[in-house]
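[1] With the input below, show me the fold.
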Amino acid sequence: MSKIVLIIPSLRSGGAERVMSLLANTWADNSKFEIYLIILTDQKIYYQLSERVIVLIPRFGYRNNLISKFFYTLRLMGFIRKSLSKIQPLSVLSFCERYNNLVLLATLGSKFGVFVSDRGNPYRNIGLFNDRLRRVLYGTAKGIISQTNESADFIRKFTSNQNVIVIPNPLRRLKDVEVNKSNIVLYVGRFEQNKNQIDLIHAFASSENQDWKLRFVGEGEKRDFLLQEAKKLGIERQVQFFPFTSDIDRHFSEARIFAFTSLEEGFPNVLIEALGHGLACISYDCPVGPADIISQTNGLLIENGNKEEFGRQLKKMMADEHYLSKLKPDRLAIRHRYYFEKITTDYLNFITKS
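    As a prediction, the model looks like this:
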């Protein structure tokens, strides 16, 4: 039985973590493969894993100083190399930029076929040292998986590696919940600075439409700030906050519009989930991801950071039923395009047959 090793920093609630857990669980059900998952930091695991996935986690940490972090990094590299030497995998797939560098460093000179995938905005500054490492080390990877065409073009120009393939994130199995649609503008995601939900708060307030609710589903440090901003604008009774939940499909099923104001992304899974539920979507055309997902026939792309235009278009969507209906996507076509079995098979074929 062939062995595959997947490596990721953590399995906290996030897009990269969701995709990694989906790959691990799907491939573990394949009798041809034995799946190992190396989680590089000892943190709470948010996503459920199949009992067939063999999980390895280093049980050591570091103190908050440079010397401790340096020796911790060396120990982590040793842990990776020792684990791979013991497992002897057919292929290794690593997620996330800085940690990809670490994995590639740890496997230099080895016989393991290491594939890497960046999961964020390719233009994001990850530090001069890590950028230079990536420019050199990515050339040693057996292959690179990008989530978008723009990311793939960047990687080919930035590194010497030309074995780059574009594979979008898979769409999880969506649950169609039998509920009545409501006038809800929905946002799902973490409340962080680059997610920029403040623009959505202001855009919703500018509509001056008392018939709609703005619903946020997520967690993060900016939650209280957003709540206070809603109070300042006098719309606190129209703004709802819900925590992340396993019943997220109920929120998608109840809403009519999905609004997305991130200033940067890697590949926003929530956008394809919203489209897969048939919601009319409006999003900033941020780097990168939305332009690969939203077309003129299934939503609206707004110039990145153009708050005025975003507000105008959202107001029109909320006020004009005919306009809103024209923006509704073909949800079955979206589900077929991002069908998780197709995407996970594409991943598997690339890392085992390249």
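
[2] As a check, name the ranges of all helices in the stretch 251-354 of the chain.
    269-276, 290-293, 307-319, 321-326, 331-337, 340-353 (DSSP state H, counting those that start in this stretch).

[3] Just name the most buried of the ones you listed.
    helix 269-276 (a mean of 25; mean count of other CB atoms under 10 Å). For the C-beta atoms, the positions are set from N, CA and C on the backbone; glycine is no exception.

[4] Just the mean pLDDT for that helix, thanks.
    Taken as a whole, helix 269-276 has an average pLDDT of 95.

[5] Also stretch 293-305?
    According to the model, stretch 293-305 has a mean pLDDT of 90.

[6] can you count the residues close to the closest residue in space to P268 that isn't next to it in sequence?
    Of all residues not flanking P268 in the chain, G289 sits nearest, at 5.1 Å (CB to CB, 6 or more residues apart in numbering). By the criterion of other CB atoms under 10 Å, G289 has 29 neighbours.

[7] Tell me how many other residues crowd G234.
    With other CB under 10 Å as criterion, G234 counts 9.

[8] ok, now how distant is it from I201?
    Noted for G234: a distance of 12 Å to I201, by CB to CB, to the nearest Å.

[9] now G220
    Per CB to CB, G220 is found 14 Å from I201.

[10] now V288
    24 Å.

[11] out of G220 and I201, which sits in the busier spot?
    When G220 and I201 are compared for neighbours, I201 comes out ahead with 23 against 17, by other CB under 10 Å.

[12] can you pull the contacts of that one?
    Taking CB atoms under 8 Å, 6 or more residues apart in numbering as the criterion, I201 is in contact with L214, L226, E229, A230, L233, I235, V239.

[13] Drop the exposed ones from those residues and show what's left.
    L214, L226, E229, A230, I235, V239 (16 or more other CB atoms under 10 Å).

[14] Does anything pack onto the longest helix belonging to the chain? Which helices or strands?
    Determined from DSSP state H, the single longest helix within the chain is helix 66-87. Judged by 3 or more CB pairs under 8 Å, 6 or more residues apart in numbering; DSSP states H and E, helix 66-87 is in contact with strand 2-8, strand 33-39, helix 97-106.

[15] Can you list the buried residues in the first one?
    What it means is strand 2-8. Neighbour-count burial for strand 2-8 [16+ other CB under 10 Å]: K3, I4, V5, L6, I7, I8.

[16] What of the last one?
    Within helix 97-106, the residues that qualify as buried by neighbour count (16+ other CB under 10 Å) are E97, Y99, N100, N101, L102, V103, L104, A106.

[17] And the buried ones among the contacts of I201, which is closest to L271?
    L214 (17.5 Å; CB to CB).
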